[in-house]
Every structure is written in structure tokens, then in C-alpha cells.
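Visitor: This is a predicted model, with the sequence first.
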Amino acid sequence: MVVVDTNILDFLLHAMRHGDFPRTNDADVRAQQVATFRLFLWSGLGSVGRVAVSEVSKHPHEDKREALQRIIFNQLPEVWVQNYDKQRWTARTAELMQHHPGELDCQLVAEAEIVEASTLLSYDKKMIRNLRPYARIDLLFPTEYWDNLGIPRGTQPKWTPAESNPLAQATFWRW
């Protein structure tokens with residue numbers, strides 16, 4: 001199972017809202033965005049945990065918050081740390097905080113471990129750099145995960161945008 005963070009949700013939302021990705025001078029950001037959308041189409045992308053759902057619910061812009069919530073509720077299964085695992089979650093978060101100052105990041109990684117995910121997808125470079133050596137799961141950028149899947153070029157995705165969707169005409173996601 002793969003769990004995604006809010007960076008990945010943002011990438012997906014942008015693709016769905018705009019039918020393409022923004023022009024950017026940062027080739028790495030663009031590659032991560034494209035990989036995110038491809039993962040969504042070819043593999044379903046992943047699940048969302050309590051930490052990401054909570055972050056989304058606190059988003060200051062109502063329009064974006066509601067759009068992100070619709071993606072979560074309609075497109076991605078949710079996974080939760082159960083009440084009987086909360087002590088273990090808290091303890092693991094504290095362990096990870098010895099290596100990274102971001103409590104939410106550490107909660108996210110601990111949560112993914114406890115729900116037995118194999119991978120956490122993120123574009124948080126600092127979190128991945130600091131916690132990758134200590135995590136009990138893979139912390140990967142979308143491009144890394146996409147490459148690891150080894151999907152041959154020309155393979156049809158599980159889902160394709162409807163003809164009426166602007167994404168149906170877009171070429172950036174095609175493989």
C-alpha cells in the first residue's frame with residue numbers, strides 16, 4: 001500500500017483543475033507533477049492518512065480545501081491509525097523527531113508505518129532526506145516510485161480522462 005502526503009494531493013488537484021501543469025522553470029517539479037498524475041491513472045496513486053486529511057481540513061482557502069477534500073473522499077481510500085495504536089504512533093513520532101524537526105512530517109511517516117504501508121510518496125525533500133535512513137518504509141518522490149513500477153511505454157492506463165475532460169486532449173501524462 002502507498003500513502004500520499006498533501007504535496008502529492010496538491011499536484012493531483014492542479015492537474016484535475018487545470019488540465020495541464022503550470023509552466024515552471026523547475027524541471028524537477030514538473031517531473032514530479034507528471035509522475036503523480038501518471039501514478040493516479042496507472043495505479044490509483046495510493047491512500048491518504050489521518051495526518052494529510054487533517055492538514056487538508058485546515059487549509060485556509062475554502063475553495064482549495066473543498067476541492068482537496070473531494071479528491072480524498074471520491075478518489076483515494078483513507079487509512080487511519082486505530083485507537084489501540086495511538087501510543088505506538090506517538091512513541092514512533094518521538095523517535096523520528098530525533099532526526100527531523102517537523103512533527104507533522106514525523107507523524108506522517110509513523111502513521112504510514114503503523115498502517116503497514118510499503119511506501120510514503122512526498123515531494124518534501126527535507127523530510128525525505130532526513131527520515132529516509134530511519135523510516136521502516138520507503139520514502140519516495142513520485143518519479144522514483146513511477147520508475148520503480150517499470151511500466152513499459154505504450155501500456156494503457158487503468159483510467160483515462162473522459163473525452164469531455166480537458167485532460168483527455170493533454171499529452172503530458174501519456175506514456
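Guide: Sure, I can see it.
Visitor: What's the mean pLDDT across stretch 163-171?
Guide: For stretch 163-171, the mean per-residue pLDDT is 86.
Visitor: which helices and strands sit right next to the helix-or-strand element of the chain with minimal mean pLDDT?
Guide: Using mean pLDDT, DSSP states H and E, helix 6-18 stands out as the lowest-scoring helix or strand of the chain, at a mean of 87. Helix 6-18 sits against helix 27-43, helix 50-57, helix 62-75, with contacts defined as 3 or more Cβ pairs under 8 Å, 6 or more residues apart in numbering; DSSP states H and E. Every C-beta, even on glycine, is put in place using the N, C-alpha and C of the backbone.
Visitor: got those helices as a markdown table, with distance to Leu149 and mean pLDDT columns?
Guide: Shown next, in a markdown table, are those (distance: least, Cβ to Cβ, whole Å; pLDDT from 0 to 100):
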| stretch | distance to Leu149 | mean pLDDT |
| --- | --- | --- |
| helix 27-43 | 7 | 92 |
| helix 50-57 | 22 | 95 |
| helix 62-75 | 19 | 94 |
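Visitor: Which one of those lies nearest to Val4?
Guide: Proximity to Val4 (Cβ to Cβ) singles out helix 50-57 among the helices and strands packed on helix 6-18, at 6.9 Å.
Visitor: re the thing from before, show me the contact partners of the least confident helix or strand of the chain.
Guide: By Cβ atoms under 8 Å, 6 or more residues apart in numbering, the residues outside helix 6-18 that reach it are 21-22, 32-33, 36-37, 40, 45-46, 48, 52, 55-56, 64, 67-68, 71-72, 75, 121-124, 142, 166-167, 173.
Visitor: now stretch 124-133
Guide: The contact list for stretch 124-133 (Cβ under 8 Å, 6+ apart) reads 5, 7, 96, 99-100, 102, 105-106, 108-109, 122, 139-141.
Visitor: can you check stretch 55-68 too?
Guide: Residues contacting stretch 55-68 (Cβ under 8 Å, 6+ apart): 6, 9-10, 13, 17, 69, 72, 104.
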